[in-house]
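> give the three-dimensional model of this entry:
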Amino acid sequence: MKTPFPFSAIVGQDEMKQAMVLTAIDPGIGGVLVFGDRGTGKSTAVRALAALLPPIQAVAGCPVNSASADGIPDWADVTDRSLVTRPTPVVDLPLGATEDRVTGALDIERALTRGEKAFEPGLLARANRGYLYIDEVNLLEDHIVDLLLDVAQSGENVVEREGLSIRHPARFVLVGSGNPEEGELRPQLLDRFGLSVEVTSPNDIETRIEVIRRRDDYERDHDAFMTHWQAQDAALRDAILRARAALPGVRASNVALHDCAALCIALGADGLRGELTLLRTARALAAYEGADEVSRAHLRAAAPSALRHRLRRDPLDEAGSTARVARQIAEVLP
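Model (predicted):
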């Protein structure tokens, strides 16, 4: 099996790559929704992110990636409690996955062979402390959407059926991708994504040529291609770690808070989640750039991805959400 395409080697799509890097710096931002045409690198970027992310330290035998023995769930039969370093989990949630597959269920084999009632963890357990990726998220079944909303809100997976009463932590960054032509996303789930990114096919020949060249090199001479881009991915990983360490010390002045509120009011964004996400994203960007305070430039850069999916529909304004955000940024944050 080939190593995923290097994150640093992805041509263009700067906003998408920035959004994924910022959620790696601060998972509390709340995930990334990537909408766009087919063949624009959405899935490639997620696979590449998995290889780029810094590893985590977890208990070797723990099914929910607990950082210490104290965090192992009561129901888990863990014999190996040593701490190991493993890649940050990135788990795929297939469209046809059943609720049992997602949340976990009774271990039928163990029940039949040993007569024991035991829990078999699902995808949410594996994704804890990592990423949960849903391709074609706009086609996800409603009952799975409702389930994900509950878990995303609480950070805990609760299974109460088949005589089981199970709880375990399920804190993950949700990454979804899809094609808007195939259906819209339910507003409740849309609001749960911290950032939203629109990707399009490049319309200049040179960019398209570079995409073809890199993909061809990746397929034909895989080892040499990976070696070439290994240093860039390592440098980006180090930058993410530095930004994580610096994040708690990044300040946000009253002026920055005022700018967040003024922009969201001007856009008519529902609720206060827009301001909170905008501030959090701008702070992560400031940490990534080595700044010790959130500036208006950071807010301008973070606003499109943090706010474009939170706008109310305006039948009198034919401009898209990206254009509306850009227009208000120019007026409110000159």
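> and the longest helix anywhere in the chain, what does it pack onto?
Counting residues, the longest helix in the chain under DSSP state H turns out to be helix 222-246. Contacts defined by 3 or more CB pairs under 8 Å, 6 or more residues apart in numbering; DSSP states H and E place helix 222-246 against helix 14-25, helix 42-52, helix 205-220, helix 273-288. C-beta coordinates here come from the backbone N, C-alpha and C atoms, glycine included.
> buried set for the last one?
This means helix 273-288. Within helix 273-288, the residues that count as buried by 16 or more other CB atoms under 10 Å are 273-288.
> try the first one
By neighbour count on 16+ other CB under 10 Å, the buried set for helix 14-25 is 15-25.
> quick one: whichever helix or strand comes after that helix to helix 14-25, angle?
Per DSSP states H and E, helix 14-25 leads on to strand 32-36 as the next helix or strand towards the C-terminus. Angle between the axes of strand 32-36 and helix 14-25 is 160 degrees (criterion: axes from the mean of the first three to the mean of the last three CA atoms, to 10 degrees).
> how far does strand 32-36 sit from its chain's centre?
Distance of strand 32-36 from the chain centroid (CA atoms, centre = their mean, to the nearest Å) equals 10 Å.
> same question for stretch 192-201.
From the chain centre to the centre of stretch 192-201 is a distance of 10 Å (CA atoms, centre = their mean).
> can you give me the helices in the stretch 51-200 of the chain?
All helices of the stretch 51-200 of the chain, identified by DSSP state H, counting those that start in this stretch, fall at 99-103, 108-114, 123-127, 142-154, 187-190.
> export those helices to CSV and tack on mean pLDDT, mean neighbour count and distance to residue 299?
Output for the helices of the stretch 51-200 of the chain, formatted as CSV (pLDDT from 0 to 100; neighbours: other CB atoms under 10 Å; distance: least, CB to CB, whole Å):
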stretch, mean pLDDT, mean neighbour count, distance to residue 299
helix 99-103, 85, 18, 36
helix 108-114, 61, 11, 52
helix 123-127, 90, 23, 31
helix 142-154, 81, 16, 25
helix 187-190, 75, 15, 22
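> give me the low-pLDDT residue ranges for this structure?
By pLDDT under 70, the weakly predicted segments of the chain are 1-2, 107-117, 162, 313-320.
> okay, domains of it per the record?
Listed domain ranges for the chain are 7-199, 249-332 (source: automatic domain parsing).
> kindly reformat these as JSON lines and extend each row with distance to residue 210.
As requested, the domains of the chain are exported to JSON lines (distance: least, CB to CB, whole Å):
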{"stretch": "domain 7-199", "distance to residue 210": "5"}
{"stretch": "domain 249-332", "distance to residue 210": "24"}
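> so which of those comes closest to residue 227?
With CB to CB as the criterion, residue 227 lies closest to domain 7-199 of the domains of the chain, at 11.8 Å.
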